[in-house]
Each structure stands twice: as C-alpha cells, then as structure tokens.
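Colleague: okay, sequence plus prediction incoming.
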Amino acid sequence: MTNTAVLFLDPTGNASSAAAGFRKDLVAAVKERFTNVIVCTPHDASLAANDVATATLVIAEPGAASIMLDLEPSQESLWILTFPRSHYRDPASKPWVKSILEVEALLDAPRYIVASEEARDQLEAVVSGRRIEVVVLARQAQQEEAFPPVNYEPLSLAYQRPGSVDRWDADWTTIASSHVRASDEDSVPTSWQDPDVANKISGLAASDDSKQIDSDVSIIGSNLNFITQLADTLKRGHVRSIRMQEWSHITGPANFDDTMRLIDTSDTIIAEWIRPNAKWIQEHAPRDRQLIVRGHRYEVTTAFPDAVDMQRYSAAVVITPWVGRELVQKFRWPNEKIVYIPNFIDSSYFYRPKLNGAQFTLGMVGIRPGLKRIDLALDLLRELRQVDARYNLRIRSALPVDYINWSKDAASQVQWFETVHRVKNDPLLRGAVFFDPPGNDMSAWFRQIGVVLSLSDIEGSHVALGEGIASGALGVARRWPGILGLWPEKFVHDSLQSALKAILDVREDGALEAVVQGDHLLPTLDTARIIEAWKTLIDGNVDDARQYFGAIDPSLDVYAPHSIE
C-alpha cells in the first residue's frame, strides 16, 4: 500500500457550521501524516479513481459511501465518518438514520469515526443489532462542556423533562442519549483540543505489519454470542475469510447440505462449544481440514467432552485456565493441544468517559436466581446506603419470570419472589434498584457504572466482569473458583466488609479513575495479543499459540492461579 489518504466528503448533506469546521480540521490532521491526500465529493469522485484501491486510509461520509465503494477500496483502510444528528438538516434525522443503515447494508463490518460521545451514542443506537468499531477522533474539552454528562435518569422521566428526546426517538435511542441536554448546534466549538489527533489519524491507517493468514475459516455452533466480536475483528484483514453458522439445536444443522458446503469450502473449522456439534464436525469434515474446538465452563460439567476425538482436532481453545486443566485431568485430553486464549473483550469499545456520579452506581449483568447471587448484591447495596444514600444498583438482564418455568424450578421462584419483596419493602433498597432490559449498547450502559459486581458462586471467565473492568469500572468479585487464573487479587473479596471498603474508598471525585488506572490494559484484555494468538493457531502453529497467554500446567490444582507474562 502507499502513503495515500482519500477523503470522500459530502458537504451537501450537512448544514452545520460545526460539521464544516470538523471537516476542515480533519483534512488538516490527515495532511500532517500523509504525503498524498486526495479530497473529493460525490460529484468528483473520479479524482481518486487511480488511488483509492491502494490507499492506506479511506474516509467517507455515509452519503458518499456507495460511490466510494464502486472504486473498490481496501476494507482494512476504510472508515465511515458521521456527525451527531443535530448537525444534519432534517431535525427528525430520518435521512441520517437511513444513510447509516445503507452503509450497514453495503459493508460487512463497517468502522466509524465520530466527533463526540454524543454522536457515538446515536450511531450505536441505530445499529443496535451488533457491536461496531467506533473511534471518537477528537474529544474536546469545550465540547464536553457544551454537552455535559449528567447522572443517569430513567427514560420514563427523561421524556417528561423540557428538552427531552421525543417519542420517535424512543423506538431506538440508547440509555446514554438521554444524558445530552439540548444545545445550539452552531455553538459547539470546532477547533480541536486533542493534541494527539494526528497520531490517532495514523492509527486508523491500514498497516502491512500484521500478516493476513491465508485461510478460509468457518465457525459452527448453537450459540455464537461469545465469539462474534472475535470473528468480526479477524475479518478485518487478519484472515482471508470468516463465515459463521449458528445452529438452532446442538445436535446438528438445520440444513445438512448448506453445512457441508460451508465445511467443504473451509480450510479451518472452529467448533464453538464442546457440544454435539464438535462430534458432528469431526464425523463429517474432510480429513485434510484443520479442526479447532473452543470450550467454556459449562461443558466440563457434562459428558460432552467424552464424545470428542482429539486425534481429529489439532487444538482445543479454553477461555479460562481451569477449564483446560479439567479437560486434561477429568477427560484425559492431551495437554499439548490445550491453548488458553481469553474471551475477546474489546477495551477500545468499552473504555469511555464515565458519567458524573458513576462511582455511586453498582452494575450487575445477568441475575439467574441462585447462581448470580443477587441477594449478595442487595446486601452490599443496603450497607452502602447506610453510609451514603446516593448509592444505587443497576441490573442489566432479562427478568427470571420471562425465561424460567416456575413449575420446573420452584427454588428459583422462591428466590426471585424474595428478591422482589426486598426491593419493594426494604426502606434502604426501595427506589435504589433499577432493572434495565438486555441490549447491545453495553458500552453506553457501562458509562454510568462505576463498580461492576461478580458475586456468583461459580463462573467460567465472567465476560460481564471483564467488560466492566474494560470500561473503567472497579471490579468487585467474590473468590469464585478459578478467578485468580483471570483477574488480579485486588478485585477479589472474601467478605462483605472488604467489598464495602473498596467501594467506599472510590466515592470521592477522581478516586475511581486513580484506582482503576490501567486496568483496561490487563493481559486478559489485550485484544492485539488475543488476535495474534488466534492467527498463530489458525496458521497451524499450536505450540507457538500456547505461549501467548502461557501454557497450562495440568499437574496443578484445577483452580490454581495462572500467570501471564
């Protein structure tokens, strides 16, 4: 690739002086880092016809995206630039929403540049079906004052206050969008305050440093939620292709012929979960295909691993060290094929400025009765509110009444009704516990969370804890089995009083940021290392892949700590 940047701007679709200023500053910043910069509009796109395919950076506004794509730019170099809805001519924003959805339809995994956290919240709301890669290119001190973060208010109240979002927005808005007060769009300053903007621009450019693995990969399983973000990232220039097939049942595909076509055209086949899908794949895949299986906590509590022929599989990836030891000790899987690679949690997606007062909000994701121990979260909240009434608990989860058959699980019914009774009747809890429905806007939700809880009796890696830590929240966890193979001791508490003290210690302004500084860069959250480990494995180098996060010692106790260099 060349040191060329191409910008496809669309000033005709935007009337805001703030947006015009951003475009001007963007062009200036790009020119600081690239020797050849071509700026064009949809009307003169032919100016870039000879350069766009080899450019290391291509930036296009949504209105120019379709014309730009006709020139076939490299997907690794491409970014979509968008502004807040308030910067566009139509205040109802329907054309803006339409243009974003058109980009989503045109590109497999588009990446976005935005000028503010406000724009990021609105963008993520529109494409709420999945997580997207977004870079806030020039967060401005003055702009943060123009759009000040405030303490979270429930949407039901937000709609009632002056200047609130309207009912049309209610169909798709994120929680965080209600934090932004109305403002004159042209009062937003346009000169950039961020001294590192030019370096950020360089970071957007496609690089030849990361070798693309010449392999067509397929991922097959009955629940692909925990591997989707990894797959989306690998698609962006790391492997030749990745295709995913999600089965509705664990025993086999809905369409045998479709699955066989997928397998026949794949070099590497990843079985997500050690379930009957892994057995099915080993029985139907050609012998010359590379097979990899990925295991979680759940499977080692079943007999499923007994059905997997590890002579057919080149490697077994585990998301936590103790699962790997269990596969070796209990199921006699060969240790030399066990590769520990943490779950892919993208800190660049989660790490965002916290809202004012976030240190007083505890967050919990998922509340299945018994296992997740919401009773302990309520105990902790009650103690905190005796000290400071500003503490509250936000729970992001489907409610048990929506997914548990009480007739088959009477114990869970009793536990849930006891929880509801406490929340309604305890004066220290009443009005301080909020239930938020599930959604894909987790990075926006975590902006209001200062403390993320992991109080379960047992977990695999507890993705929600990792996401909270990646967001800049303080992790507070019980010593569930295997936690020290994943997270530092400082997050682990053996008593309610220990957890209480850790939370109270960060309630002063600035204390939370000081305590969690650098936590989002922990090795288990190192996405670059995770990607390289997977690429090495897909390339057939199992021994080398084992070294990225440390080879597992099967002679140790199952739940022994695991160190990563």
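Modeller: Perfect, thanks for sending it.
Colleague: quick one: the helices in the stretch 201-350 of the chain, in order.
Modeller: 228-234, 256-264, 276-284, 321-331, 347-350 (DSSP state H, counting those that start in this stretch).
Colleague: export the ones you listed to a markdown table and tack on distance to Leu428, mean neighbour count and mean pLDDT?
Modeller: In this view, the C-beta of every residue, glycine as well, is placed from N, C-alpha and C. Shown next, in a markdown table, are these (distance: least, Cβ to Cβ, whole Å; neighbours: other Cβ atoms under 10 Å; pLDDT from 0 to 100):
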| stretch | distance to Leu428 | mean neighbour count | mean pLDDT |
| --- | --- | --- | --- |
| helix 228-234 | 38 | 20 | 91 |
| helix 256-264 | 54 | 14 | 97 |
| helix 276-284 | 47 | 20 | 97 |
| helix 321-331 | 37 | 23 | 97 |
| helix 347-350 | 31 | 18 | 87 |
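Colleague: so which of those helices is nearest Ile531?
Modeller: Closest to Ile531 of the helices of the stretch 201-350 of the chain is helix 228-234 (Cβ to Cβ; 6.2 Å).
Colleague: which residues sit against the closest one?
Modeller: With Cβ atoms under 8 Å, 6 or more residues apart in numbering as the test, helix 228-234 has contacts from 109, 130-131, 217, 219, 224, 242, 244, 344-346, 527, 530-531, 534-535.
Colleague: swap in stretch 251-266?
Modeller: In contact with stretch 251-266 (Cβ under 8 Å, 6+ apart) are residues 216-218, 220, 243, 245, 247-248, 269, 276-277, 280-281, 284-286, 289.
Colleague: of those residues, buried ones?
Modeller: By neighbour count, with 16 or more other Cβ atoms under 10 Å, the contacts of stretch 251-266 hold 216-218, 220, 245, 247, 269, 276-277, 280-281, 285, 289 as buried.
Colleague: what about stretch 28-47, average pLDDT?
Modeller: Computed over stretch 28-47, the mean pLDDT rounds to 86.
Colleague: correction: the previous question concerned stretch 99-113.
Modeller: 83.
Colleague: do stretch 539-553 as well
Modeller: On average, stretch 539-553 scores 96.
Colleague: same check on stretch 494-501?
Modeller: Mean predicted lDDT for stretch 494-501 stands at 95.
Colleague: need the residues that contact that stretch.
Modeller: Under Cβ under 8 Å, 6+ apart, the answer for stretch 494-501 is 376, 379-380, 383-384, 476, 478-479, 493.
Colleague: follow-up on the earlier one: which ones among the contacts of helix 228-234 lie within strands?
Modeller: Within the contacts of helix 228-234, residues falling in strands by DSSP state E are 217, 219, 242, 244.
Colleague: right, and the second one touches Val239 too?
Modeller: Just to be clear, that refers to Ile219. No - Ile219 lies out of contact with Val239 (Cβ atoms under 8 Å); the separation is 11.2 Å.
Colleague: hang on, the earlier thing: of the contacts of helix 228-234, just the buried ones, ChimeraX syntax please.
Modeller: This is the ChimeraX syntax for the buried subset of these, where burial follows 16+ other Cβ under 10 Å:
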select :131,217,219,224,242,244,344,345,346,527,530,531,534,535
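Colleague: ok, the contacts of helix 228-234 vs Ala470, which is closest?
Modeller: Out of the contacts of helix 228-234, the member with the shortest distance to Ala470 (by Cβ to Cβ) is Ile345, at 5.3 Å.
Colleague: show me what counts as buried in stretch 307-321.
Modeller: Within stretch 307-321, the residues scored as buried using 16+ other Cβ under 10 Å are 308, 310, 312-321.
Colleague: straight-line length of that stretch, end to end?
Modeller: End-to-end distance of stretch 307-321 (Cα to Cα, to the nearest Å): 21 Å.
Colleague: ok, now stretch 109-120?
Modeller: End-to-end distance for stretch 109-120, by Cα to Cα: 16 Å.
Colleague: stretch 541-550 now?
Modeller: One end of stretch 541-550 sits 15 Å from the other (Cα to Cα).
Colleague: stretch 311-328 now?
Modeller: End-to-end distance for stretch 311-328, by Cα to Cα: 14 Å.
Colleague: over to stretch 554-565?
Modeller: End-to-end distance for stretch 554-565, by Cα to Cα: 18 Å.
Colleague: now do stretch 228-240
Modeller: End-to-end distance for stretch 228-240, by Cα to Cα: 17 Å.
Colleague: could you do stretch 124-131 as well?
Modeller: 8 Å.
Colleague: one step back: what is the most widely separated pair among the contacts of stretch 494-501?
Modeller: Leu384 and Arg479 (20.4 Å).
Colleague: of those two, which one has the most company?
Modeller: For Leu384 versus Arg479, neighbours defined as other Cβ atoms under 10 Å are more numerous around Leu384 (24 against 13).
Colleague: which helices and strands does the helix or strand that one falls within pack with?
Modeller: Using DSSP states H and E, Leu384 maps to helix 374-387. Counting contacts by 3 or more Cβ pairs under 8 Å, 6 or more residues apart in numbering; DSSP states H and E, helix 374-387 is packed against strand 361-365, strand 392-396, helix 410-425, helix 496-504.
Colleague: buried stuff in stretch 388-403?
Modeller: For stretch 388-403, by 16+ other Cβ under 10 Å, it's 391-397, 400.
Colleague: turn the residues you listed into CSV, including pLDDT and distance to Val39.
Modeller: Formatted as CSV, the buried residues of stretch 388-403 follow (pLDDT from 0 to 100; distance: Cβ to Cβ, whole Å):
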residue, pLDDT, distance to Val39
Tyr391, 97, 51
Asn392, 96, 48
Leu393, 96, 50
Arg394, 95, 44
Ile395, 94, 48
Arg396, 93, 43
Ser397, 88, 47
Pro400, 82, 55
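Colleague: which of the residues you listed sits closest to Gly439?
Modeller: Closest to Gly439, out of all of the buried residues of stretch 388-403 and judged by Cβ to Cβ, is Arg396, at 7.8 Å.
Colleague: any idea of the mean pLDDT in stretch 59-72?
Modeller: The model assigns stretch 59-72 a mean pLDDT of 84.
Colleague: any idea how far it is from the chain center?
Modeller: Once both centres are worked out by Cα atoms, centre = their mean, to the nearest Å, stretch 59-72 turns out to sit 26 Å from its chain's centre.
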